[in-house]
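Q: Pasted the sequence and its predicted model underneath.
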Amino acid sequence: MSKRVVLAYSGGLDTAVAVKWLTERGYEVIAYMADVGQERAFKSSKSRAYKAGAVKVIIEDLKKEFVKDFVFCSLKANALYEDGYLLATALSRPIIAKGLVKTAHKENAKYVSHGATGKGNDQVRFEVAIRGLDPKLKVIAPVREWELKTREQEIEYAKENKIPIDTTKKKPYSIDRNLWGISIESGKLEDPYYSPDENIYQITKGVDKAAAKPVYVELEFKSGVPVKLNKKKMDGVSLIMKLSKIAGNAGVGRSDMIENRLVGIKSREIYEAPAGWTLYKAHRALESMVLDRELAHFKDILSLKYAEIIYYGLWYTPLKQALDKFFDHTQKCVNGTVKLKLHKGTCTVLGRKSPDSLYREKLATYGEGDEFDRTLAKGFIELWGLPYTLKK
Ligand code: ARG
C-alpha cells in the first residue's frame, strides 16, 4: 500500500520543499490548501505543488466556517492574548487541522503533515488538534526533521529540484495571514529594540500615511456577533473584509509585542488586525451596557483563560466546549449598535445603544428626573464597610 500523506500546504517555500521532501521519502503527497482569507495566489501555488511532485492539490474555501465557528467564538469571548494579540494565526490552526483530517479520511491517507517549525506554537496547535480529532493519524513535520538548516539551503534544494520559487524578492520576515489578521516575525524583528520599518506592515497604514480625516463606522450586533456595518446587512466574511480595509486605512489595529510562546521562549511579533480591533472595542462597549457587573467581571476572567486555550492549541477540548456554552449564554443580550471613530491609528467609541440595555438614565442622572433613592446609600455604605471597622 502506498504511503499517502495529506500536507497542509501554504504555497510558500517551506511547504513546497516539504512536498518534494516527502515525495523523495516514498510518500504520495496530496497538497491541501485551506483558504482562510490569506489572499494568496492560489493558482501559482497549485502549479508549484504539482511541480514539486504532489499527486493532487485540493483548495478548500473555509472562510465562512472560519469566521462563524472560530473568529466569532473568539470575539464573543473577547479573547486577547497578553494584551495585544487577537490570535489570528492561532485561530486558523484548528480549522486547518480539521480540514486536513477530513481530507485524510476522504482520500484514505494514514498520514498528515504540516510545515510548522520545531520551535514555534503552530506545531503544537496542529498536532494537538489532529490528535484530538483522530489519534490514529500519523503526523509528519518535515521542517522539524529535515537537514536544511537555513533559508539559503532550502532555496538551493528547491533549485536543484526545479521547484519554482520567488527568489527575486528577498523575504526578510515570516508572515502569516488570514482574514482576521497578520502575524509578522523573524529577521530584523528579532532585535526587540529594533523599530519596525513602515514597509513591514501589510494592511494598516502608519499614522503619517493614514487618512487625514476621521472615518466613522457603525456596527450592529446580534447575540454578540456583528451583522451590519454602516446600516448595511452583511455576512461575517464580507463585513470583516470591508471593515479591515476601512480601519486599516485609518491606521487602526497594529501591535508590537514580546510574547510568551508555548515552548517556553519569548518572541517578538508584530500584529495587524484592523477589523479585529475595531470589532473587539465595539463588542466590549456593547457588553458594558448589557451585562450586569458580576457577569461582566467574571466573563473577563474567563476571557483570559479562553485566549490561553486558543493560543495553547487546546481548541478541541472539553474546557473549550464548556466555555463556549457559557459565552453563548452571555451573548443572548448582546444586541445593539455601536458607533466609532477611526482616525490616525486610534479607534474611539463614540456611542452605543441597545434594546437590552441595563443603563437607566433616570438612575444615573445628576439632573432633572432623578429616581435614585439616595437615602438607601447611607445604610448600604455602613454595612459594606462594617467588616473594616471592627479592628479599631
Ligand atoms: N506568534 C504567533 C502565534 O504563535 C504567530 C505565529 C506565526 N507567525 C508567523 N509570522 N509566521 O500565534
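A: Perfect, thanks for sending it.

Q: where do the helices sit along the stretch 51-200 of the chain?
A: Counting by DSSP state H, counting those that start in this stretch, the stretch 51-200 of the chain has these helices, from start to end: 63-66, 72-76, 88-106, 122-133, 142-145, 151-160.

Q: Below-threshold pLDDT in the stretch 251-392 of the chain: ranges please.
A: 392 (pLDDT under 70).

Q: Now do the same contact list for the closest residue to E39 other than its chain neighbours.
A: Nearest residue to E39 in three dimensions, chain neighbours excluded: R177, at 6.9 Å (Cβ to Cβ, 6 or more residues apart in numbering). The C-beta positions use only the backbone N, C-alpha and C, and glycine is treated the same way. By Cβ atoms under 8 Å, 6 or more residues apart in numbering, the contact list for R177 reads G37, Q38, E39, A88, S183, Q202.

Q: can you list the residues of the protein near the ligand?
A: Residues of the chain lying close to the ligand by Cβ under 6 Å from any ligand atom are T89, A90, G120, N121, S174, I175, D176, S183, I184, E185, E269.

Q: Backbone dihedrals for T330, please?
A: With angles defined as degrees, to the nearest 10, T330 sits at phi -70, psi -20.

Q: That one touches E294, doesn't it?
A: No. T330 lies out of contact with E294 (Cβ atoms under 8 Å); the separation is 11.4 Å.

Q: More neighbours: which of the two?
A: Shown here are T330 and E294; by other Cβ atoms under 10 Å, T330 has more neighbours (20 against 8).

Q: looking at this, E218 is in a strand?
A: Yes. The assignment for E218 is a strand, going by DSSP: H, G, I helix; E, B strand; the rest coil.

Q: which residues sit in contact with the residue most central in space within the chain?
A: Geometric centre of the chain, nearest residue: A88, 1.7 Å, by Cα atoms, centre = their mean. Counting by Cβ under 8 Å, 6+ apart, A88 makes contact with D176, R177, N178, W180, G181, I182, S183, Y271, A273, G276.

Q: what about 10 Å?
A: By Cβ atoms under 10 Å, 6 or more residues apart in numbering, the contact set of A88 is 36-37, 71, 74, 176-183, 271-273, 276.

Q: How about K138?
A: Here K138 is in contact with K3, V5, A104, A109, K110, Y111, V112, S113, I130 (Cβ under 10 Å, 6+ apart).

Q: cool, and E24?
A: E24 sits next to G53, N161 when contact means Cβ under 10 Å, 6+ apart.

Q: Could you count how many residues lie near the residue nearest to M241 when sequence neighbours are not counted?
A: The shortest distance from M241 to any non-neighbouring residue, by Cβ to Cβ, 6+ apart, is to L179 (6.8 Å). Applying other Cβ under 10 Å, we find 26 residues neighbouring L179.

Q: One more: P274?
A: Neighbours of P274 under the rule other Cβ under 10 Å: 27.

Q: what's the spacing between it and F126?
A: 27 Å (Cβ to Cβ, to the nearest Å).

Q: which residues touch E287?
A: Shown in contact with E287 (Cβ under 10 Å, 6+ apart): 76, 78, 221, 224, 295-296, 299-300, 330-331, 333-334, 336, 352, 354.

Q: For it, what is the enclosing helix or strand?
A: Assessed by DSSP states H and E, E287 sits inside helix 274-290.

Q: C-terminal to that helix, which secondary structure element comes first?
A: Next along from helix 274-290, by DSSP H and E: helix 293-311.

Q: residues of that following helix that come out buried?
A: Buried positions in helix 293-311, judged by neighbour count with 16 or more other Cβ atoms under 10 Å: K299, L302, S303, L304, Y306, A307, I309, I310, Y311.

Q: nearest to K43, of the residues you listed?
A: Using Cβ to Cβ, I310 is the member of these that sits closest to K43, with 31.5 Å.

Q: From S288, how far off is that closest one?
A: Distance of I310 to S288, given as Cβ to Cβ: 23 Å.

Q: go on, N108?
A: Computed as Cβ to Cβ, the N108 to S288 distance reads 52 Å.

Q: Looking at those two, which one has more neighbours?
A: With neighbours defined as other Cβ under 10 Å, N108 and S288 compare such that S288 has more, 13 against 9.

Q: Residue of the stretch 251-392 of the chain nearest the ligand, please.
A: The nearest approach of the stretch 251-392 of the chain to the ligand comes at E269, 4.6 Å away (Cβ to the nearest ligand atom).

Q: any idea how far the helix or strand containing that residue is from the chain center?
A: In the assignment (DSSP H and E), E269 maps to strand 266-272. Averaged C-alpha coordinates place strand 266-272 at 13 Å from its chain's average position (Cα atoms, centre = their mean, to the nearest Å).

Q: Paired strands for it, with orientation please.
A: Strand pairing for strand 266-272, using DSSP bridges, gives strand 181-185 (antiparallel), strand 254-260 (antiparallel).

Q: want to throw those into CSV with distance to G345 and mean neighbour count?
A: Converted to CSV, the strands paired with strand 266-272 look like this (distance: least, Cβ to Cβ, whole Å; neighbours: other Cβ atoms under 10 Å):
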stretch, distance to G345, mean neighbour count
strand 181-185, 16, 23
strand 254-260, 7, 17
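
Q: Output these as JSON lines; include the columns distance to I240.
A: JSON lines is the format used below for the strands paired with strand 266-272 (distance: least, Cβ to Cβ, whole Å):
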{"stretch": "strand 181-185", "distance to I240": "10"}
{"stretch": "strand 254-260", "distance to I240": "17"}
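
Q: So which of those strands is nearest V237?
A: Closest to V237 of the strands paired with strand 266-272 is strand 181-185 (Cβ to Cβ; 14.3 Å).

Q: circling back: quick one, what contacts the closest residue to the residue of the stretch 251-392 of the chain closest to the ligand other than its chain neighbours?
A: Using Cβ to Cβ, 6+ apart and skipping the chain neighbours, the partner closest in space to E269 is E185 (4.9 Å). Under the criterion of Cβ under 10 Å, 6+ apart, the neighbours of E185 are T89, G120, Y173, S174, I175, D176, E259, S267, R268, E269, I270, Y271.
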